[in-house]
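**Student:** Curious how this folds, go ahead:
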Amino acid sequence: MSVYSTLRNALFFLILPTRLVIWWLYFIPKSNRQNPAWSWKTSVSVQAARSFIRHHTAIRYRTPKSLEPGPDGDRFIILNPQNTLSNTDSPVYKGILNSVPDIKPVPTGAVWYPAAPVQPPKKLVIHFHPSAFVILGARPSDDTAHGWGLDHFSELSGWPVLSIQYRLSLDADKTFPAALQDAFTAYAYALGTLKIHPSHIVLAGESAGGNLVLAMLRYILTDNQALPLPRSALLLSPWVDLTDEGMNKTKMHQNARVDYIGYDLGHWGATSYIPPGWEETSPYFTPLGSEYKLSVPLFVHVGTSEVLYDDIMQFARNMKEKGTDVELHEAPNAPHAIFSAGKGLGMEDVAIDGHARATRFIERTGPTSESEVAGLR
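**Tutor:** Here you go, the predicted structure:
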């Protein structure tokens, strides 16, 4: 961290207590709240989240990444790249995954929610955390609610969750397709090591993680059809437009003063993630406008107070018009990525409703019994 960033970081935390007191007092009247339907706790929490994200963006904060378990103990595991799967001669990493010569598959960290399974699971949700490709992580300590969202969703649904610590685009050798390589390292682990049938694997991604899930599905369909498609996908506040035009739209959006994310974070993330010279309109970066019929059912969860609301709604409508099975849920008055952030933002009830809807969606997609799975082999 530079001297400038160090001083700015110190100043931020020095004045933070004063800001918190001001926010606590300011948001007592409902008329001062960003959304009149929000509670006092939600208004203060969203303002605090907005302030932290702006600060992290301004100093280009580098989220620590380690392959040491630390306090997560046996919940933390390391996934090693698997070049091929036992049931196919096709390599896992090919085509677009080899498009930047300096970026290679590497060991990837992952965290179990709510706990490490005693026996290898027979079904799995592979989760990709929100990040704008430059912040946050998969560990409970990376989340102000300490993993509450994933813990609750796993316990409610009965599906174990493995959240992936994919590479953030903080260096030249970690742009696209580094995160996508890590995503397939996780998918290959589920298929090849855990031996889970693809019909019992669900891909889930929040924000940039949702963008990553859509890139995974596109890669299987276009670059590596030897890989099986998963049962279904959960797109939770997915980021579907990484163009600068798309980022500029957020400045004028009706939710620009409500949501805690905005142009600065999006611009930092997109320009860091997209390799120099690549078109930002590529469907691997911007799936909005490149929709197609997909055999994998999609659950799309969006908050009505999100700055990305219009883009997500349009993407869901376009996919549905192309013939994809899309279940769309609008979470009332929710800001960005409420699925995991519900407790931290004082909207647990809205998040829990999303967990229940996603659980029912998973249940209605794919086979429901081992006999049905056997019939697919």
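**Student:** use CA for all of it now, contacts and neighbours both
**Tutor:** Noted.
**Student:** could you show me where the helices are in the stretch 201-350 of the chain, in order?
**Tutor:** In the stretch 201-350 of the chain, the segments counted as helices under DSSP state H, counting those that start in this stretch are 208-222, 244-252, 263-273, 309-321, 338-341, 348-364.
**Student:** now these as TSV including distance to Ala179, mean neighbour count and mean pLDDT?
**Tutor:** Below are those laid out as TSV (distance: least, Cα to Cα, whole Å; neighbours: other Cα atoms under 10 Å; pLDDT from 0 to 100):
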stretch	distance to Ala179	mean neighbour count	mean pLDDT
helix 208-222	8	22	98
helix 244-252	21	16	94
helix 263-273	9	21	97
helix 309-321	22	19	98
helix 338-341	20	27	96
helix 348-364	25	18	98
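**Student:** which one of those lies closest to Asp171?
**Tutor:** Shortest distance between Asp171 and the helices of the stretch 201-350 of the chain, using Cα to Cα, is found for helix 263-273: 7.9 Å.
**Student:** Run through the neighbouring helices and strands of the closest one.
**Tutor:** helix 40-59, helix 244-252 (3 or more Cα pairs under 8 Å, 6 or more residues apart in numbering; DSSP states H and E).
**Student:** what residues does it touch?
**Tutor:** Under the criterion Cα atoms under 8 Å, 6 or more residues apart in numbering, residues 53-54, 57, 132-134, 169-171, 174-176, 242-244, 247-248, 250-251 lie in contact with helix 263-273.
**Student:** Restricted to buried residues, select those in ChimeraX.
**Tutor:** Buried residues within the contacts of helix 263-273, by 16 or more other Cα atoms under 10 Å, are selected in ChimeraX with:
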select :53,54,57,132,133,134,169,170,174,175,176,242,243,247,250
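**Student:** ok, back up a step: among the helices of the stretch 201-350 of the chain, which is nearest Leu229?
**Tutor:** helix 208-222 (7.0 Å).
**Student:** From the chain's centroid, how far away is the closest one?
**Tutor:** Centroid separation between helix 208-222 and its chain, computed with Cα atoms, centre = their mean, to the nearest Å, is 12 Å.
**Student:** could you check the angle helix 263-273 makes with that helix?
**Tutor:** Using axes from the mean of the first three to the mean of the last three Cα atoms, to 10 degrees, one finds that helix 208-222 and helix 263-273 are set 40 degrees apart in direction.
**Student:** what stretches of the chain score poorly on pLDDT?
**Tutor:** 1, 87, 368-377 (pLDDT under 70).
**Student:** Domain boundaries for it, per the record?
**Tutor:** The chain is divided into the following domains under automatic domain parsing: 3-59, 70-376.
**Student:** Columns distance to Val21 on top of the helices of the stretch 201-350 of the chain, output as CSV?
**Tutor:** Below are the helices of the stretch 201-350 of the chain laid out as CSV (distance: least, Cα to Cα, whole Å):
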stretch, distance to Val21
helix 208-222, 32
helix 244-252, 28
helix 263-273, 26
helix 309-321, 31
helix 338-341, 22
helix 348-364, 24
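**Student:** how about these, which one is nearest Ala37?
**Tutor:** Across the helices of the stretch 201-350 of the chain, Ala37 has its closest neighbour in helix 348-364 (12.5 Å, Cα to Cα).
**Student:** Just give me how far the closest one sits from the chain centre.
**Tutor:** 16 Å.
**Student:** what does stretch 138-157 give?
**Tutor:** Distance of stretch 138-157 from its chain centroid, counting by Cα atoms, centre = their mean, is 13 Å.
**Student:** Could I get the buried residue list for it?
**Tutor:** Under 16+ other Cα under 10 Å, the buried positions of stretch 138-157 are 138-140, 143, 146-154, 157.
**Student:** quick check, nearest of those to Ser45?
**Tutor:** Asp143 (13.2 Å).
**Student:** Now that closest one: phi and psi?
**Tutor:** Dihedral pair for Asp143: phi -120, psi 130, per degrees, to the nearest 10.
**Student:** In strands only, show me the buried residues of stretch 138-157.
**Tutor:** Among those, no member falls in strands (DSSP state E).
**Student:** can I get those in JSON lines with distance to Phe361?
**Tutor:** Listed next are the buried residues of stretch 138-157 as JSON lines, based on distance: Cα to Cα, whole Å:
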{"residue": "Ala138", "distance to Phe361": "24"}
{"residue": "Arg139", "distance to Phe361": "26"}
{"residue": "Pro140", "distance to Phe361": "25"}
{"residue": "Asp143", "distance to Phe361": "25"}
{"residue": "His146", "distance to Phe361": "25"}
{"residue": "Gly147", "distance to Phe361": "22"}
{"residue": "Trp148", "distance to Phe361": "21"}
{"residue": "Gly149", "distance to Phe361": "17"}
{"residue": "Leu150", "distance to Phe361": "16"}
{"residue": "Asp151", "distance to Phe361": "18"}
{"residue": "His152", "distance to Phe361": "16"}
{"residue": "Phe153", "distance to Phe361": "13"}
{"residue": "Ser154", "distance to Phe361": "14"}
{"residue": "Ser157", "distance to Phe361": "10"}
